[in-house]
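Colleague: Dropping the sequence and predicted coords here.
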2 protein chains.
Amino acid sequence: MTENTAYAVHQTARPSGFPSASDFTLARMPVPEPAPGTALVQNLLLSVDPYHRGMMDGGEEGFALGAPLEGRAVGRVVASRDPGLEEGDLVFHRQGWRTHALVALGEDGTRRIRRHEGVPLEAHLGILGGTGLTAYAALTRTAGLRAGEDLYVSAAAGGVGTAVGHIARLLGARRIIGSAGTPAKVRHLTGVLGFDAAFDYHDGPVGELLAQAAPDGIDVYVDNVGKDHLEGAIGALREFGRIAWVGAVSTYNGDRSPAAPRNLFEVVHKSLRLEGVLVRHHTGLQEELEDFLVPHLRSGRVGTDTTAVEGIDRTVEAFLGVLRGDNTGKMLVRLPG
Amino acid sequence: MTENTAYAVHQTARPSGFPSASDFTLARMPVPEPAPGTALVQNLLLSVDPYHRGMMDGGEEGFALGAPLEGRAVGRVVASRDPGLEEGDLVFHRQGWRTHALVALGEDGTRRIRRHEGVPLEAHLGILGGTGLTAYAALTRTAGLRAGEDLYVSAAAGGVGTAVGHIARLLGARRIIGSAGTPAKVRHLTGVLGFDAAFDYHDGPVGELLAQAAPDGIDVYVDNVGKDHLEGAIGALREFGRIAWVGAVSTYNGDRSPAAPRNLFEVVHKSLRLEGVLVRHHTGLQEELEDFLVPHLRSGRVGTDTTAVEGIDRTVEAFLGVLRGDNTGKMLVRLPG
C-alpha cells in the first residue's frame, strides 16, 4: 500500500443468507484531491456493524454494488479546502470501509471530534460514538432507567450491550443482567465488565434462563436481538416495565420469521412500554454523553471495550466476525495513520 | 321481584370458547342489611364488559363459581351506616351484576358521583366512567395525541372506541378513522359519531383497508383488538407514531394464537412506541376528565352513546351481546330505581 494509493472495500454481490468474503472486493485508486469546501481525511479507525448486513441487500438506503460503502469512521484531516476544518483535525464521518475520504463539515454527520486527554481515540467509535450514544439514549430517554432498577440487555457483549452495561451502572442500576452467545463472552460480562449475572442463550429457553438470572423480574430491557429474547423479557418485566428496542440482529441474515413474541399482549396486562430507538434521532445528546462519560473513562471506571483488527484488507473479515458474534465490545478496523 | 328480595347473577360453569347463558344463573336472596361502616346501595345501572370474559376463566382475579360477580355499577344509597355516605347519594362501585350491594366509601373503588346537571346518569358508566377514562388516558397520557394528528381506533363503535372518537375530536385530531364489524356500525361511526372515515374489517385485510382510509398514514393508534389490526396500524404509522394498547377483544374467547404482528420490528425502523393502558392506573384523572367533558356533554357536542337493556334478568343477554359486538357505545343494564 503506497503513499499515493487509496483503498476502498466495495460490495460486488448480493448475499442470500449469511454473506461471505467473496461478496466484496478491495478496490484501489489514487488518493483523491479535495475540491473547494471539502477536506481530505485519512481514516484511522473504521466501524463495522451488524446493520451493514441489512444494507448489503440494497434498496433505497442500502449499499450499491461496485461503489464506496457507508460506515462510521474516525480520521485525521490531511489537506483542507473546507474553511471549518484544519489539517490535523480529528473528525467523525460516515465514509468508512476505505482509507481516504473527502468530507465537508456538517454534511452527512461529519463533525470535529473533541479529543479528551487520557481517553483513547477508539472510544469515539465505541462508547463515545454511535454505540454509546445508542445505549445512552436507550437508557436515559427511551427506557428512562432509574437508580435502583434492574436491567436485562441481550447481545450484551456487543458494542451497544457493553455500553449499556457501563452506562446503566453509572446511572445506578441495581442488578444488570446480560446474555451472549458463547461461554467466553458470558465470563467476560461478569468477570471483566461487571455484570451481576449473565447467561449463554444456547443453554435453554431464554425465558427460563432469564427467570433464573432475575428471579424477581426486571424493570428495563434493552433489546438488541428480538424474538425469544424479547419474549423472555416481556415475561420477566414487572408492571410499568420499559423496553428500549435497539435492533434485532437475529433477523438481519435473511431470517424473515416474525420477530414478534407470543406473549406480546402482556404489554397491556403489565402496562409495559415498547419503543424503538434509532441513534440518528439522538445526535443532540452527544455533548451530554461526553460530559457524562469522560470523567469515568479517564478514571478507568469505564474501559474502552473494543476488538480491533489491523489493516483495510481485513475489513471484511472483521465485518463477518461481527455477524458471527466473534467480538466483545465494539469491532473496529485500525488503519495506519 | 319483590321489595325485600335482591337478585344477583352468578357464574355456574367455566365456558370453553364463547360463553352461553347456561354458564350463569340468577340467584335470589333477601336484601342485605348494612353493617356499621357500610351502606346499602340499590343499583341503577350495571356495566357489562368484554374483560368479564377473561374473568369467567377464573384464576386469581377471575370470577368464582356460585358467588357474586364483579362489575362496575352506579347506584343510589338507600340506607347508610357509613359516615361518609348519605341516603340518596349516587355512588360508583364495583359490585355490579346484582340489584343491591353493600359498599364502603373509598373501598374497592367506591366513590361518590358528582351529578352534573344536564348530563344523564348513564354517562358515569360510559364516557365519564371507565371507558371514557380509558380513552382519555390512552390519548392524553399514553399516546400523547397532539392537535393536527391523525388517529385510527379499532372496535371504534364500542365503549372505549366511541369515547376515543369524541375525545380525539375535542383534542384537535385532524382525521379520525375507525373500524367496526358490521356495515351498520360503520355507518354509525361516520354518520352519527363524526368519524372522518370508517371501514368494516370483514371487507379485506385490515392493512389494506386502513391504507385506503388513511393513505397518508396515521400518528396514533388506539388498539382495542390486537392481531391484524395491530399489524395494519404498525404498517400505517408514521415515524414517531404511538400505539396505546387498551385491549385485545379478539383474544378473549379462548383464541390463544399470538396477538403479535409479523411487522413488529417496524417499531425500531420507525421509532414507534407501543404502550399498554390499564384504566386502574389512571383513576387520578377522573376530575380532569369531567372538567374536560362536562361542558361538551351539556352542550350536546358530545353525546352519551349507550346501548341499554332493562332488568337484572337480561344482564347475561347484554353481556353475550357485548362479546358478539351487538352494541354501539357502552352496553349497560338499567334497573328500576
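Modeller: Done, it's in. Residues are numbered from 1 along each chain as shown, chains lettered A, B, ... in the order given.
Colleague: List the contacts of whichever residue of the stretch 1-150 of chain A sits closest to chain B.
Modeller: Nearest to chain B, among the residues of the stretch 1-150 of chain A, is A:Thr142, at 8.6 Å (CB to the nearest CB). (C-beta placed from N, C-alpha, C; glycine too.) By CB atoms under 8 Å, 6 or more residues apart in numbering or on different chains, the residues touching A:Thr142 are A:242, A:244, A:275, A:277.
Colleague: what's across from the second one in the sheet?
Modeller: For A:Ala244, the residues forming beta bridges with it (DSSP bridges) are A:Val222, A:Glu275.
Colleague: How about the contacts made by A:Thr131?
Modeller: A:125, A:159-160, A:162-163, A:330.
Colleague: can we see that at 6 Å?
Modeller: A:Thr131 is in contact with A:159-160, A:163, A:330, counting by CB atoms under 6 Å, 6 or more residues apart in numbering or on different chains.
Colleague: about what we covered before: identify the farthest-apart pair in the contacts of A:Thr142.
Modeller: Taking CB to CB as the measure, the contacts of A:Thr142 span a maximum distance of 11.1 Å, between A:Arg242 and A:Val277.
Colleague: roughly how far is the longest helix along chain A from the heart of the chain?
Modeller: Using DSSP state H to define each element, chain A has its longest helix at helix A:286-299. Helix A:286-299 sits 18 Å away from the centroid of its parent chain (CA atoms, centre = their mean, to the nearest Å).
Colleague: that older thread, now render the contacts of A:Thr142 as JSON lines, adding neighbour count.
Modeller: JSON lines is the format used below for these (neighbours: other CB atoms under 10 Å in any protein chain shown):
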{"residue": "A:Arg242", "neighbour count": "23"}
{"residue": "A:Ala244", "neighbour count": "29"}
{"residue": "A:Glu275", "neighbour count": "21"}
{"residue": "A:Val277", "neighbour count": "25"}
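Colleague: and which of the residues you listed is nearest A:Arg334?
Modeller: Distances from A:Arg334 to these, taken by CB to CB, are shortest for A:Val277, at 28.1 Å.
Colleague: Next one: the closest one from B:His269, what distance?
Modeller: A:Val277 sits 11 Å away from B:His269, taking CB to CB, to the nearest Å as the criterion.
Colleague: before we move on, what about A:Arg169?
Modeller: 30 Å.
Colleague: Excluding chain neighbours, give the residue nearest to A:Ala73 in space.
Modeller: Sequence neighbours aside, A:Gly96 is the residue nearest to A:Ala73 in space, at 3.7 Å (criterion: CB to CB, 6 or more residues apart in numbering or on different chains).
Colleague: And A:Thr328, by the same measure?
Modeller: Once flanking residues are discounted, A:Thr328 sits nearest to A:Ala157: 4.7 Å by CB to CB, 6+ apart.
Colleague: burial measure for the one you found, as a count.
Modeller: A:Ala157 has 29 neighbours, counted by other CB atoms under 10 Å in any protein chain shown.
Colleague: Next, it: secondary structure please.
Modeller: Three-state call for A:Ala157 (DSSP: H, G, I helix; E, B strand; the rest coil): coil.
Colleague: For it, list the residues it contacts.
Modeller: Neighbouring residues of A:Ala157 by CB under 6 Å, 6+ apart: A:180, A:185, A:188-189, A:328.
Colleague: Go through those residues and flag which are in helices.
Modeller: The helices, defined by DSSP H, take in A:185, A:188-189 from the contacts of A:Ala157.
Colleague: Where do the domain boundaries of chain A fall?
Modeller: A:5-126+A:304-334, A:130-280 (automatic domain parsing).
Colleague: ok, and the closest non-adjacent residue to A:Arg233?
Modeller: One correction, residue A:233 is Ala, not Arg. With CB to CB, 6+ apart, the residue lying closest to A:Ala233 is A:Tyr221, at 3.8 Å.
Colleague: coming back round to it: A:Arg169 and B:His269: who's more crowded?
Modeller: A:Arg169 (18 against 12).
Colleague: Show the model's pLDDT score for the more buried one.
Modeller: Looking at A:Arg169, its pLDDT is 97.
Colleague: you'd agree it is in a strand?
Modeller: No: A:Arg169: not assigned to a strand; according to three-state DSSP it is helix.
Colleague: ok so, going back, got a list of what the residue nearest to A:Ala73 touches?
Modeller: A:46-47, A:71-73.
Colleague: Now neighbour count, distance to A:Arg28 and pLDDT too, for those residues, in JSON lines please.
Modeller: Formatted as JSON lines, the contacts of A:Gly96 follow (neighbours: other CB atoms under 10 Å in any protein chain shown; distance: CB to CB, whole Å; pLDDT from 0 to 100):
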{"residue": "A:Leu46", "neighbour count": "28", "distance to A:Arg28": "16", "pLDDT": "97"}
{"residue": "A:Ser47", "neighbour count": "28", "distance to A:Arg28": "22", "pLDDT": "94"}
{"residue": "A:Gly71", "neighbour count": "25", "distance to A:Arg28": "18", "pLDDT": "94"}
{"residue": "A:Arg72", "neighbour count": "22", "distance to A:Arg28": "22", "pLDDT": "93"}
{"residue": "A:Ala73", "neighbour count": "27", "distance to A:Arg28": "18", "pLDDT": "96"}
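Colleague: Check the spacing between the residue nearest the centre of chain A and A:Ser20 real quick.
Modeller: The centroid of chain A falls nearest to A:Thr131 when counting by CA atoms, centre = their mean (3.8 Å). Shown here: A:Thr131 relative to A:Ser20, a distance of 25 Å by CB to CB.
Colleague: of all the contacts of A:Gly96, which two lie farthest apart?
Modeller: If you compare every pair in the contacts of A:Gly96 using CB to CB, the most distant one turns out to be A:Leu46 and A:Arg72, at 7.7 Å.
Colleague: Generate a PyMOL selection restricted to the buried subset of the ones in helices among the contacts of A:Ala157.
Modeller: Buried residues among the ones in helices among the contacts of A:Ala157 (16 or more other CB atoms under 10 Å in any protein chain shown), as a PyMOL selection:
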select buried, chain A and resi 185+188+189
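Colleague: ok, and what's touching the helix or strand following the longest helix of chain A?
Modeller: Sequence order places strand A:306-310 as the next helix or strand after helix A:286-299, per DSSP states H and E. Outside strand A:306-310, the residues that touch it by CB under 6 Å, 6+ apart are A:122, A:126, A:318, A:327-334.
Colleague: which residue packs closest to A:Ala123, ignoring adjacent ones?
Modeller: In space, A:Ala123 is closest to A:Thr304, 4.8 Å off (CB to CB, 6+ apart).
Colleague: From A:Arg94, how far off is the residue at the greatest distance from the centre of chain A?
Modeller: With distances taken as CA atoms, centre = their mean, the residue sitting farthest from the centre of chain A turns out to be A:Pro36, at 33.0 Å. Note on A:Pro36: its distance to A:Arg94, by CB to CB, is 21 Å.
Colleague: Kindly report the same for A:Asn263.
Modeller: 38 Å.
Colleague: go on, A:Lys227?
Modeller: For A:Lys227, the distance to A:Arg94 equals 29 Å [CB to CB].
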